[in-house]
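Engineer: predicted model follows, preceded by the sequence.
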Amino acid sequence: MNQKLKAVTNFAERFEGSFKKLGPGDVDYRIYSQEGELISFVIVIPTKKKVTECYPLSISLNKLSQLSMKRLNPVIIWACEDGIMYGKVKDIYGTVSWMGTTELDSELVVQYPKQKTFKYARYY
C-alpha cells in the first residue's frame, strides 16, 4: 500500500468513515462519515520522518490554498513512517517562507511548529 493510501485509510478509519480519491488537478481525497455524508477534504503530504521527529511540518502554499478553497473542514495529513499527523487548517498556525535549492525550484512553503491542536495516530 502506498504511503498516501495508507495514511488516508488510517485517518478515515478513525471516524468510521470512508474516502474517495479525487482527480489529479484537485486536492487528494474527500472524506465521508459512516452515514455517507461528505465531511472533509484532505491533502496527504508524505514525509520520511517518524511521528516523534516530524516537526516542523510543511506544505506548499499553493496546495494549502487549493485545500482551503474547499471550505468544508479542510485537513492536512502528514504521512510519517510510523503513523499520521494531522490538523484542521483553521486550527493550526505556521510561518511562510521561500524554500528550495535554486531560484528555479524555490516556492512558498508553510511550516508548522509543534502545537496542541495537531493530532496523531500510529500505524499498527
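Structural biologist: Thanks, I have it. The model shown is predicted, which means the values in this text are computed figures rather than measured ones.

Engineer: and the longest strand along the chain, what does it pack onto?
Structural biologist: Counting residues, the longest strand in the chain under DSSP state E turns out to be strand 38-46. Packing partners of strand 38-46 (3 or more Cβ pairs under 8 Å, 6 or more residues apart in numbering; DSSP states H and E): helix 3-14, strand 29-32, strand 57-60, helix 61-68, strand 74-79. For glycine as for every other residue, the C-beta is placed from the backbone atoms N, C-alpha and C.

Engineer: packing partners of the helix or strand following the first one?
Structural biologist: Which is helix 3-14. Moving toward the C-terminus from helix 3-14, the next helix or strand (DSSP states H and E) is strand 18-21. Where contact means 3+ Cβ pairs under 8 Å, 6+ apart, strand 18-21 is packed against helix 3-14, strand 29-32.

Engineer: these: which one's closest to Tyr120?
Structural biologist: Set against Tyr120 and scored by Cβ to Cβ, the helices and strands packed on strand 18-21 come closest in helix 3-14, at 10.3 Å.
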